[in-house]
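Engineer: predicted model and sequence below, questions to follow.
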Amino acid sequence: LLLVYFASLLLFLALNIELELFRYGLTPTALIGNLLGNEELFIRAKDLTTLMTEIHINLFLYPLAQLTTLSTLVHLKMSDRIKVIATLASTLFILMDVGGVLLVRFVASSAAWIKVIGFWGFELSMFVMVLMVLAYLLGKPQGHPAHHG
């Protein structure tokens, strides 16, 4: 069940890049145009209801994916410091992702880099952690003697 979940999570993360491209764009310039509008490209500013719905969904899905991944990652034989850094970094990236959208929309368009770094940081950190967990789950159980047929 865990293997299916983490394989599905990899697919979710991969598809999330395409969704992000469609919703906001993957660069600061595209993000600003999609949030605030771009008359030259006939793009209207994102309405507040849509924006809040997207933020609301991400504030549920991203931490849930992070929680399930970290709950398995803690069982890997690695330094506690790395586990803490992974937890703090992925949490910071989630906050940057959501906070960056709000900053661009309501404070200053120059904050677009915060959102972009937050999104890519979350994606990369989650990909790495999920791959580590998958390697752990697919590997020989640690601390158990090998069985000979």
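Structural biologist: Received it, and whenever you're ready, just let me know what you need. Quick caveat, the model's predicted, so the values are computed rather than measured. Residues are numbered from 1 along each chain as shown.

Engineer: which strand or helix spans the residue nearest the centre of the chain?
Structural biologist: Geometric centre of the chain, nearest residue: residue 122, 3.5 Å, by CA atoms, centre = their mean. Residue 122 belongs to helix 112-138 when elements are defined using DSSP states H and E.

Engineer: which strands and helices sit next to that helix?
Structural biologist: For helix 112-138, the elements it packs on are helix 2-23, helix 28-36, helix 48-73, helix 80-106, judged by 3 or more CB pairs under 8 Å, 6 or more residues apart in numbering; DSSP states H and E. For every residue, glycine as well, the C-beta is placed using N, CA and C.

Engineer: buried residues, it. List them.
Structural biologist: 112, 114-123, 125-126, 129-130, 132-134, 136-137 (16 or more other CB atoms under 10 Å).

Engineer: again, but for stretch 4-15
Structural biologist: Quick answer for stretch 4-15 (16+ other CB under 10 Å): 6, 9, 13.

Engineer: contacts made by it with the rest, please.
Structural biologist: Stretch 4-15 is contacted by residues 65, 68, 69, 72, 123, 126, 127, 130, 131, 133, 134, 137 when judged by CB atoms under 8 Å, 6 or more residues apart in numbering.

Engineer: distance from it to the middle of the chain?
Structural biologist: Centroid displacement of stretch 4-15 relative to its chain, using CA atoms, centre = their mean, to the nearest Å, is 12 Å.
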